[in-house]
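**Q** mind folding the following:
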Amino acid sequence: HWTCPGLPSPPRPICDLRVLNHFIQEARDAEVAMKSCRDGCGLTELVSVPQTTVNFDDWERKNATEQAQEVQTGLWLLHQALGLLQASMTDVDLNNHIDNSIRNLLSINAVLRSLNIQEYTPPTSAVGLEGTWKVSSVAEVLQVHVNFLRGKVRLLLVGAEACQQDVS
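**A** Prediction:
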């Protein structure tokens with residue numbers, strides 16, 4: 001049925017790390033833009049973000065579903081944090097970077113779907129979530145964003161079963 005006209009083809013896994021590297025570079029660009037922001041760049045409240053440190057022994061002990069859940073929870077937390085930034089920013093240039101970062105998080109979720117990673121159901125709030133910490137500045141949120149993409153998201157993509165198969 002997949003070859004019949006008018007039917008969509010199944011999504012192909014997106015395993016090329018250059019896609020993630022592009023998102024990491026754009027996250028770094030937002031972090032750099034933050035350093036030049038003078039007014040309208042503050043946070044009015046503490047925000048929950050994912051922990052970015054990776055204990056490789058613990059990570060390897062987790063099954064693929066647990067790893068995916070941890071990454072998806074982190075992406076959801078970052079989306080929430082960036083949404084708060086977006087609402088409180090008055091600096092236009094930085095706001096453009098934040099908008100782009102939010103779009104990139106949505107794209108990363110699409111990449112995860114392409115790898116047959118189960119759809120994520122976010123919690124109703126970040127209260128009591130494991131593996132989180134609170135930050136008080138925009139710079140910290142953006143630094144966590146870069147580090148989370150470089151760490152746990154990269155590990156999940158590199159280890160994804162859909163990317164381990166030989167393509168012939």
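
**Q** verify the assumption that residue 129 is located in a strand.
**A** No: the assignment for residue 129 (DSSP: H, G, I helix; E, B strand; the rest coil) gives coil, which keeps it out of a strand.

**Q** for it, grab the count of nearby residues.
**A** By other C-beta atoms under 10 Å, the residues close to residue 129 number 15. (Each C-beta comes from the backbone N, C-alpha and C, glycine too.)

**Q** tell me the spacing between it and residue 47.
**A** Noted for residue 129: a distance of 12 Å to residue 47, by C-beta to C-beta, to the nearest Å.

**Q** buried ones in the lengthiest helix in the chain?
**A** Counting by DSSP state H, the longest helix found in the chain is helix 64-88. For helix 64-88, a neighbour-count test (16 or more other C-beta atoms under 10 Å) marks 67-82, 84-85, 88 as buried.

**Q** which stretches of this structure have low pLDDT?
**A** When residues are selected by pLDDT under 70, those of the chain lie in 1-12, 40, 126, 128, 165-168.

**Q** and the angle from the helix or strand hosting residue 106 to helix 64-88?
**A** Using DSSP states H and E, the element containing residue 106 is helix 92-114. Interaxial angle, helix 92-114 versus helix 64-88 (axes from the mean of the first three to the mean of the last three C-alpha atoms, to 10 degrees): 160 degrees.

**Q** show me what helix 92-114 is packed against.
**A** Packing partners of helix 92-114 (3 or more C-beta pairs under 8 Å, 6 or more residues apart in numbering; DSSP states H and E): helix 17-35, helix 64-88, helix 138-148.

**Q** return it as PDB; C-alpha atoms alone will do.
**A** Taking C-alpha atoms only, helix 92-114 is exported to PDB below (Å, rounded to 0.1, in the frame of the first residue of the first chain):
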ATOM      1  CA  VAL A  92      13.500  41.600  20.300                       C
ATOM      2  CA  ASP A  93      16.800  39.900  19.100                       C
ATOM      3  CA  LEU A  94      16.800  37.600  22.100                       C
ATOM      4  CA  ASN A  95      13.100  36.900  21.700                       C
ATOM      5  CA  ASN A  96      13.800  35.800  18.100                       C
ATOM      6  CA  HIS A  97      16.400  33.300  19.400                       C
ATOM      7  CA  ILE A  98      13.900  32.000  22.000                       C
ATOM      8  CA  ASP A  99      11.200  31.500  19.300                       C
ATOM      9  CA  ASN A 100      13.700  29.600  17.200                       C
ATOM     10  CA  SER A 101      14.800  27.500  20.200                       C
ATOM     11  CA  ILE A 102      11.100  26.600  20.900                       C
ATOM     12  CA  ARG A 103      10.600  25.600  17.200                       C
ATOM     13  CA  ASN A 104      13.800  23.500  17.400                       C
ATOM     14  CA  LEU A 105      12.500  21.600  20.500                       C
ATOM     15  CA  LEU A 106       9.300  20.800  18.500                       C
ATOM     16  CA  SER A 107      11.500  19.600  15.600                       C
ATOM     17  CA  ILE A 108      13.600  17.400  18.000                       C
ATOM     18  CA  ASN A 109      10.300  15.800  19.100                       C
ATOM     19  CA  ALA A 110       9.500  15.100  15.400                       C
ATOM     20  CA  VAL A 111      13.000  13.500  15.100                       C
ATOM     21  CA  LEU A 112      12.200  11.300  18.100                       C
ATOM     22  CA  ARG A 113       8.900  10.300  16.500                       C
ATOM     23  CA  SER A 114      10.800   9.300  13.300                       C
END
